[in-house]
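# structural data only, the sequence is not supplied:
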DNA sequence: TTGTAGGCGTTATCAG
DNA sequence: CTGATAACGCCTACAA
């Protein structure tokens, strides 16, 4: 009861347990290298003193922090919130903690965040997508900070992701198979965003494979409003029968705009999304979209990054995507749309 | 080009700049305490050597890490994802970083997470709600770790939150004013969750103030499915004309169930939510709900916590809630419902 | 305004 | 298996 107000240190524990500080340290870090009997004594002292190792000292001496950093555009996007959540849950309790930062889809800000996380001693990093200033990759290499890229795939860096091009191409082929020929797309902003760009180009490629071209393409910032506004603009051209959206939120916005414009979905126009987040099941009709295994991706990324941190070279993980057919797609019915029944 | 592979230290910088390590340290931490001329030299050396302070050493010597911890139930709940995102964005760039952990609505796990974050050197904590083992608060006090509670309000601890009871009571009064008398509620799990409990009790209190009682109350785990299932059960009693939901996701689930059951909303039944997250504008009809300033709350929590960390005793912040009337509410029309037109 | 020097609490090497 | 002891890199009185 006459303890100091400051915290107990290894020395206190060592003294109380009647051993050296080295032994205390071993008990905490590699218990198997200590005989059970001494270990008991030490742990008892640890409990008695309510001892907790000092983080700074530990980091300084061991050159490791047990902190993993993640930089995502924003947690407001459910895709990242879910992925980060799964990633964090997959980290061994007590062994690693997750430092998160958001870039707001801003490349310069992302760079700062990455530097900040490394400065905070991050042992490894989770980043979104491949596209960024090469200097960042160089810097990470010099600093020897392992990293895993997610929500995308490529061959320059370790990743746990999926093929955005292939995913949306499958959706486009489904729409084409339905008979649609006048197709438009609402894409997320592609600048500095390889996910958005790959989706746009993947869709375009699938379209061109049929000798067709988009009747319209609009890039908008992430959000319900953007999707709604773009849909309104696109529909100036009433020959369009299908609108492919770069993500579910854009699609939900388009859907709402359609309803307000008095257009029926899918009778008058087909709308498709990408990601298959929760809202895809809440819209009416429910959204036809491309499912991405966000949770699984977060888990795989965590596993992969831990391997890299441990020095085991782990290969990348390419996850599958899948077209989920719900209620917002149907064959085009031009005759009805034009009142030429 | 003949540099060591290891990183530059203060000593290297001091030497190159021709000053002492103390001056280098000052340049980095309190630049105003150094003459511009020397500062220039030092910063030049810093850049030349690509110097970054060692995190562990800095933490050890200064007893501060610049890391703030946050423990939330899950980022899959948009409410927490948005709040955490706003909180993180409000932290001064480079000065603080955010360590996040999720408890999965599990009290024991939350306790571990809190301990883990403190062990990782968190300078302060953001926690959700008031209800938790008092021992945790004691421990935090002993460790002198400042914290801010959010998404709730009370008078025992500093918080940036709102009054769940008052928020839902206002909604209940609105529903009562519409003429509803046979009302039921779908609540989130109340055990260990003061937000859910306050909402349930706030609604009950408002109901009883009118001399009425719930026609049914079901507690379900967070999720669309839970809301849908509960709605189905509740509607066994066809006299019920309004279902108050503890949050928007539950309400969205109820709405979907209603549609599948062939019930019209709001003609046949009124459904209300709480939180006003994005999905409230995506459902059809759009959801009548209680708006909570999640973003503002995150910002205020960040401000408050920084004050506490800086030693300035900041008062709590009680944010207002507001009933948002959209499309899922209407007066009861019993005669129609019972076919007694 | 700047320099000196001691200490922060652990880990890890190296004997014993 | 355990004990000394030397780093680890920075901050911060204190002194000049």
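Good, I have the coordinates. Bear in mind the structure is a predicted one, so any value in this text is a computation, not a measurement.
# so where's chain A uncertain?
Within chain A, the stretches with pLDDT under 70 are A:1-6, A:334-341.
# got the residues of it near DNA strand D?
With C-beta under 7 Å from any atom of the strand as the criterion, chain A meets DNA strand D at residues A:18-23, A:26, A:33-35, A:37-38, A:57, A:60-61. Where C-beta positions appear, they are placed from N, C-alpha and C, glycine not excepted.
# among these, name the buried ones.
Among these, those that count as buried by neighbour count (16 or more other C-beta atoms under 10 Å in any protein chain shown) are A:19, A:23, A:26, A:34, A:38, A:57, A:60.
# and the one helix or strand the second one maps to, anywhere near chain B?
According to DSSP states H and E, residue A:23 maps onto helix A:21-29. No - between helix A:21-29 and chain B, judged by C-beta under 8 Å from any C-beta of the partner chain, nothing touches; the nearest distance is 11.3 Å.
# what's that helix in contact with?
Outside of helix A:21-29, the residues within contact range by C-beta atoms under 8 Å, 6 or more residues apart in numbering or on different chains are A:10-11, A:13-14, A:17, A:33-34, A:38-39, A:42-43, A:45-46, A:53.
# farthest-apart pair in the buried ones among the residues of chain A next to DNA strand D, please.
Largest separation among those by C-beta to C-beta: A:38 and A:60, giving 26.0 Å.
# before we move on, the earlier item: C-terminal to the helix holding residue A:23, what's the next element?
Once the chain leaves helix A:21-29, the following helix or strand, as judged by DSSP H and E, is helix A:36-49.
# just how off-centre is that following helix within its chain?
42 Å (C-alpha atoms, centre = their mean, to the nearest Å).
# helix or strand next in line after it, which one?
Next helix or strand after helix A:36-49 toward the C-terminus (DSSP H and E): helix A:55-62.
# what parts of the stretch 201-341 of chain A come near chain B?
The interface of the stretch 201-341 of chain A toward chain B, taken as C-beta under 8 Å from any C-beta, is made up of A:224, A:249, A:252, A:255-256, A:259, A:278-279, A:281-284.
# hmm, try it at 7 Å
The interface of the stretch 201-341 of chain A toward chain B, taken as C-beta under 7 Å from any C-beta of the partner chain, is made up of A:224, A:252, A:256, A:278-279, A:281-284.
# closest one of the residues you listed to chain B?
Taking C-beta to the nearest C-beta as the measure, chain B sits nearest to residue A:284 out of those, at 4.0 Å.
# what sits closest to residue A:98 if chain neighbours are left out?
Using C-beta to C-beta, 6 or more residues apart in numbering or on different chains and skipping the chain neighbours, the partner closest in space to residue A:98 is residue A:88 (4.6 Å).
# could you pull out the buried residues of stretch A:235-247?
Here stretch A:235-247 shows A:235, A:240-247 as buried, counting by 16+ other C-beta under 10 Å.
# which one among those gets closest to residue A:121?
Using C-beta to C-beta, residue A:247 is the member of those that lies nearest residue A:121, at 33.9 Å.
# okay, helices next: where are they in the stretch 101-250 of chain A?
Using DSSP state H, counting those that start in this stretch, the helices found in the stretch 101-250 of chain A span residues A:107-119, A:134-142, A:164-177, A:194-208, A:224-234, A:248-261.
# hang on, the earlier thing: can you say which two of the residues of chain A next to DNA strand D are spatially most distant?
Within those, A:37 and A:60 form the most distant pair, 30.9 Å apart (C-beta to C-beta).
# now the stretch 101-250 of chain A against chain B: closest residue?
When you check the stretch 101-250 of chain A against chain B by C-beta to the nearest C-beta, the closest residue turns out to be residue A:121, at 3.6 Å.
# quick check: chain neighbours aside, which residue is closest to residue A:147?
Counting by C-beta to C-beta, 6+ apart, residue A:125 is the residue found nearest to residue A:147 once chain neighbours are left out, at 4.0 Å.
# ok, so of the residues of the stretch 201-341 of chain A next to chain B, who is nearest residue B:302?
Each of those was checked against residue B:302 using C-beta to C-beta; the closest is residue A:224, at 25.8 Å.
# what about the closest one, how many residues close to it?
Other residues within reach of residue A:224, judged by other C-beta atoms under 10 Å in any protein chain shown, total 20.
# ok, the residue nearest to it when sequence neighbours are not counted to residue A:326 distance?
For residue A:224, ignoring the flanking residues on the chain, the nearest one in space by C-beta to C-beta, 6+ apart is residue A:253 at 4.1 Å. As judged by C-beta to C-beta, to the nearest Å, residue A:253 and residue A:326 stand 17 Å apart.
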